[in-house]
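Enquirer: let's see this in three dimensions:
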Amino acid sequence: MVWEDGGSNPASYPIRSTFFEAVPCSTPSTLQRCRMACRPRDHCIGVLAEEKDQSILLETYEPVHAEIDAAPNGAKTGDKEENMKGILLILSLVLLGVMPAYAGPADWSGVERVFEKKGTAQGDMLKLTFPRSDLSVRVGEVAVEPGLALTTWIGFRKMASGAMMMGDMVLLESEVAPVTAKLVEQGVKLTAIHNHLIGASPAVLYLHFSGEGSPDQLAAALRSALAVTDTPLGPPAAAGSSAAADWGKVEAILGKTGQKKGHLLQLSFARKEKIKEKGMEVPPYLGVATAINLQMVGSKAAGTGDFVLTGSEVNPVIQALAGHGIAVTALHSHMLFESPRLFFLHFWGYDDPEKLAAGLKAALARVNLAK
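Expert: Residues are numbered from 1 along each chain as shown. I've put the predicted structure just below:
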C-alpha cells in the first residue's frame, strides 16, 4: 500500500468525519490490487480497491489538528487513532484477500444438481470426480484402475463473486476434439492437453481447464463437455469383494497415511509456499499438491502421479527417480498464470512396493514440502 498524504502518517490524525465516495480508478488493475488514497492530498485518507477496471467505494477520513478537534465525551485521541488503524487494517485485509470477502459457508447445491451427484466439500471448495470405469487401459502387464490414473476431476472454489473452477479430463484421443470444441463454445479456458502415461493401450490424454463465474453455469459447461464423451456420470459401480492391500510398510517409508480403497493407496504432499493464480490462492486440494497413487498388482505395486515442482527442483527430482528405476513419463505445465511458476513431473514405477516407496521418498526429499 502507498500512502499519498505528502508523507504524513494518517493514523496520527484524529477522526472528524467518515463518509463514502466513489472514485474512478486512475490506474486500472486486476482483482486484489489495493492502495491508499488522499483526495484532496492534505484532507483525507482512505482505501481504494481497483477491481477489473471498475470503481469501488473509497472510505475516507478527514484529518484535522488535534489541538482544534477535541475528542468528544472525553475520549482520548489515541483511542480514535487505534480505531482508525483497526478499520483500515480490516478493510485492507478483506480487499487483499487475506480475510474472506463473503460470509457464511459456500452453497454448492446448484452445482451438485447440475451433475446429479454429490461432491466432496473442503472449506470453501468442492471437488467432483468421474472415474473412467468405461475404459480398459493397460500399461505393460498392469490393468490400470480408474483410481490410479484414469479419473476426471472438477474443482470449485468460492470467490467474492461467483467461483473459480479448475481440473482435468481423462480422454481418449477421439474425444479430445469434440470436448475442446464444446469447452470453447461454453467459454471455458483450456490450459493444457498432454499425456501423463507412456505406453498406455489405448492411449489416453489429459485436458486441463479453468474458468471463473457463476458456479452453476461453470458446472453446466463442464456437464455439456462430459456429455460428448463416454465418461460415466452416475455413481461408480460397486467394486468386487477382494482383500484390501496392506500398505503399512509403504506408508511408514513415506511418513504419511494415505487414502486406501481396495488395491489402491493415494497420498498427497502439499508444497510449503502458497500457490496463486491471477492473485487468487489455489489450495493444494485443487491440484497443486504432489500426488502419489499406488496400485497393488500381486506382489508388486504400480505407481504413478505427479510431482509439483519449481524449476530448480525439476532435475534433482528426475535424478532421484532415475536412480531408483522410476521412469519420468511427462514434464509440463497444467496452469497458465500461476505464481511461482510450476512444473508437473509425471512418473511410472512398477516394482516391489517398499523399493518403489524408497525411490519416491528420495524424490520427495528434493521438494519444498509443507511440514
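
Enquirer: only C-alpha atoms for contact and neighbour calcs from this point on.
Expert: Noted.

Enquirer: okay, now the domains of this structure?
Expert: 10-95, 104-238, 241-371 (automatic domain parsing).

Enquirer: looking at those domains, which one has the lowest mean pLDDT?
Expert: Among the domains of the chain, domain 10-95 has the lowest mean pLDDT, at a mean of 39.

Enquirer: still on that earlier bit, let's have the domains of the chain in TSV, adding mean neighbour count.
Expert: Shown next, in TSV, are the domains of the chain (neighbours: other Cα atoms under 10 Å):
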stretch	mean neighbour count
domain 10-95	16
domain 104-238	17
domain 241-371	18
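
Enquirer: quick one: end-to-end distance for stretch 203-222.
Expert: By Cα to Cα, to the nearest Å, the extent of stretch 203-222 from end to end equals 22 Å.

Enquirer: mind listing the residues bridging to residue 168?
Expert: With DSSP bridges as the criterion, residue 168 is bridged to residue 153, residue 208.

Enquirer: and it, what does it touch?
Expert: Residue 168 makes contacts with 152-154, 206-209, as judged by Cα atoms under 8 Å, 6 or more residues apart in numbering.

Enquirer: wait, which of those is closest to residue 179?
Expert: residue 207 (8.9 Å; Cα to Cα).

Enquirer: SS state for the nearest residue to that closest one once chain neighbours are set aside?
Expert: Nearest residue to residue 207, sequence neighbours excluded (Cα to Cα, 6 or more residues apart in numbering): residue 193, at 4.5 Å. Per DSSP: H, G, I helix; E, B strand; the rest coil, the secondary structure class of residue 193 is strand.

Enquirer: doesn't residue 208 make contact with residue 193?
Expert: Yes - applying Cα atoms under 8 Å, one finds residue 193 in contact with residue 208, separated by 6.3 Å.

Enquirer: which stretches in the stretch 51-200 of the chain count as helices?
Expert: Remark: helices assigned in the stretch 51-200 of the chain by DSSP state H, counting those that start in this stretch are 77-95, 109-115, 146-149, 173-186.

Enquirer: which non-adjacent residue is nearest residue 289?
Expert: Closest to residue 289 by Cα to Cα, 6+ apart is residue 270, at 4.5 Å.

Enquirer: any idea how far residue 208 is from that neighbour?
Expert: In terms of Cα to Cα, residue 270 sits 20 Å off from residue 208.

Enquirer: again, but for residue 343
Expert: 14 Å.

Enquirer: now the common contact residues for those two.
Expert: residue 334.

Enquirer: and the residue nearest the centre of the chain?
Expert: In the chain, the residue lying closest to the centroid (Cα atoms, centre = their mean) is residue 282, at 2.8 Å.

Enquirer: I'd say that one and residue 273 touch.
Expert: No - Residue 282 lies out of contact with residue 273 (Cα under 8 Å); the separation is 10.9 Å.

Enquirer: secondary structure of residue 358: a helix, I assume?
Expert: Yes - secondary structure of residue 358 (three-state DSSP): part of a helix.

Enquirer: ok, it - contacts?
Expert: 253-254, 324.

Enquirer: of those, which belong to helices?
Expert: Judged by DSSP state H, the subset of the contacts of residue 358 located in helices is 253-254.

Enquirer: out of the contacts of residue 358, who's nearest residue 119?
Expert: Of these, the one sitting nearest to residue 119 (Cα to Cα) turns out to be residue 254, at 28.4 Å.
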